[in-house]
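S.K.: show me how the following folds:
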Amino acid sequence: MSFTLAIVGRPNVGKSTLFNRLVGKRLALVDDQPGVTRDLREGEARLGDLRFTVIDTAGLEEATDDSLQGRMRRLTERAVDMADVCLFMLDARVGVTPTDEMFAEILRKRSKHVILAANKAEGRAADAGVIEAYSLGLGEPLRMSGEHGEGLSELLSELMPLAEEHEKQAEEYRPTVNVTLHEDDEEGYTMPVPTREKPLQVAVIGRPNAGKSTLINKILGEDRLLTGPEAGITRDAISLTIDWNGLPVRMWDTAGMRKRAKVQEKLEKLSVSDGLRAVKFAEVVVILLDAAIPFEQQDLRIADLAEREGRAVVVAVNKWDVEDEKQEKLRDLKESFERLLPQLRGAPLVTVSAKTGRGLERLRTAIERAYETWNRRIPTAQLNRWLAGMIEQHPPPAPAGRRIKLRYMTQAKTRPPGFVVMCSLPDKMPESYSRYLVNGLREDFDMPGTPIRLTMRGQGNKNPYKGKREKNSGALRKHLGKAPKGR
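M.R.: Numbers count the residues shown, from 1 in each chain. Have a look, this model is predicted:
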């Protein structure tokens, strides 16, 4: 997982020129006229052995109203909040201006890590400006030239320790998934239990204004996250570690995900990608729906994303306190869920009210159970007895008159559960029969909602005597002194 670097500074200090050099393409417009860049541009940067995301921002203006410059400034400030590192650029030939001093103060308060760069620093004309940059109190300035590629090795030296720190933090948060199992240790398998050092990781995702931040605030018992009636207040994925009635949990609040066609703001694109990153960090994903407009197309896409990433899924329907016909609504919700999300059949569906706190204990129980199912291991002997019953009930098809034989089944992985079936003609097995087996696993072994991976694998030539019969019979006839047949 790479870190994010935002390039910020006054208009026309060379931000887009450096951005183009880091990404290796002319993605951003470059001109001598200030203010060419008006929105955020994101690219995959490469500097030495480092790979990271770089954001080109609009030039910082002093305007704070709703004018174009004011909106550009707010966009840049949000990019500063979301980035892991900020590269603050100034023009070494112009020197430090009052605007630079004002924005240095803003960055000191808002950004975790700030690297100061004096750009256009080639030649002696820039010496005075480089020395003047020390007065900003942001450490030693890097002497750079985005146009000529000077100072990039010094930038790499500054970024390396920050990248290592970021990778260490990502490693701490990254869940263990697709755990390979061995038949030898079947008896000694123990299900992992969340602890304070390694809490259960939960991501709350959904459309804007579904009540994600309000829900987490209610679980915390305090207003730690900004909420309001406006959609899209949360911009980045925020993680909070809590003790939820004895269950250690690290919970991620994410930005709402709209339909792709409606994600027009560059900032919102960054917010959504941050939400997708939180899903990758999660072990259980809570999909929060609005009771008034449940299961829209975007909700289905979010659920499908969580399933493809192999995460346990819990569906929570919020704003249940304002619903009048509760029983009828719940029946319709369950019917829609079974029809629209067959790949998550049986996943827990919990009704909650983030405003009043009702249903939160049911939600906690559903999350805990989903986590247990995600980690479950089924003994091989039990699986093969089950497989024999499934074959007897519904035999596999016979493509081109050749019956597919299912010989053996074992669980190869957990987190999520993964099974391997040894069979003849695995490439001829229809998808419908695999679904029949997956649905049977869900129902018979009580694994609702969790993604199940089923792989058909050919055994190859397992008969040690195949092909040797003619050779052995010839040797026997020779030993007995009999002529082979046909002579």
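S.K.: could I get the phi/psi values of the residue lying closest to Thr214 once chain neighbours are set aside?
M.R.: Spatially, and ignoring its direct neighbours in sequence, Thr214 is nearest to Ala354 (4.1 Å; CB to CB, 6 or more residues apart in numbering). Quick note: C-beta positions are derived from backbone N, CA and C, even for glycine. Backbone geometry at Ala354, expressed as degrees, to the nearest 10, gives phi -60, psi -30.
S.K.: you'd agree Ala354 is up against Lys218?
M.R.: Yes - when contacts are counted by CB atoms under 8 Å, Ala354 is listed as touching Lys218 (5.3 Å).
S.K.: and these two? Which one has more around it.
M.R.: Neighbours were tallied for Ala354 and for Lys218 using other CB atoms under 10 Å; the higher tally belongs to Ala354 (25 against 19).
S.K.: so how far is Asp290 from that one?
M.R.: 11 Å (CB to CB, to the nearest Å).
S.K.: got a list of what Leu159 touches?
M.R.: Applying CB atoms under 8 Å, 6 or more residues apart in numbering, we find Leu159 in contact with Leu5, Leu47, Leu50, Phe52, Val85, Ile115.
S.K.: which of those ranks first by neighbour count?
M.R.: For these, the largest number of neighbours (other CB under 10 Å) sits with Leu5, at 25 neighbours.
S.K.: and that residue, helix, strand or coil?
M.R.: The three-state assignment at Leu5 reads strand, by DSSP: H, G, I helix; E, B strand; the rest coil.
S.K.: distance of it from Asn178?
M.R.: Relative to Asn178, Leu5 is positioned 30 Å away (criterion: CB to CB).
S.K.: what does Lys405 give?
M.R.: Shown here: Lys405 relative to Asn178, a distance of 28 Å by CB to CB.
S.K.: ok, Arg435 next?
M.R.: Arg435 is 21 Å from Asn178, where distance means CB to CB.
S.K.: state the distance from Val96 to Ala118.
M.R.: Distance of Val96 to Ala118, given as CB to CB: 9 Å.
S.K.: hmm, I was thinking of Arg385
M.R.: As judged by CB to CB, Arg385 and Ala118 stand 73 Å apart.
S.K.: more neighbours, these two?
M.R.: Counting neighbours by other CB under 10 Å for Arg385 and for Ala118 shows that Ala118 has the greater number, 27 against 11.
S.K.: torsion angles phi and psi at the more buried one?
M.R.: Taking degrees, to the nearest 10, you get phi -100, psi 100 for the backbone angles of Ala118.
S.K.: can you tell me the closest non-neighbouring residue to it?
M.R.: With CB to CB, 6+ apart, the residue lying closest to Ala118 is Ala92, at 4.0 Å.
S.K.: Trp14: neighbour count?
M.R.: No, residue 14 isn't Trp; it's Gly. Considering only other CB under 10 Å, Gly14 is surrounded by 22 other residues.
S.K.: lovely, talk soon.
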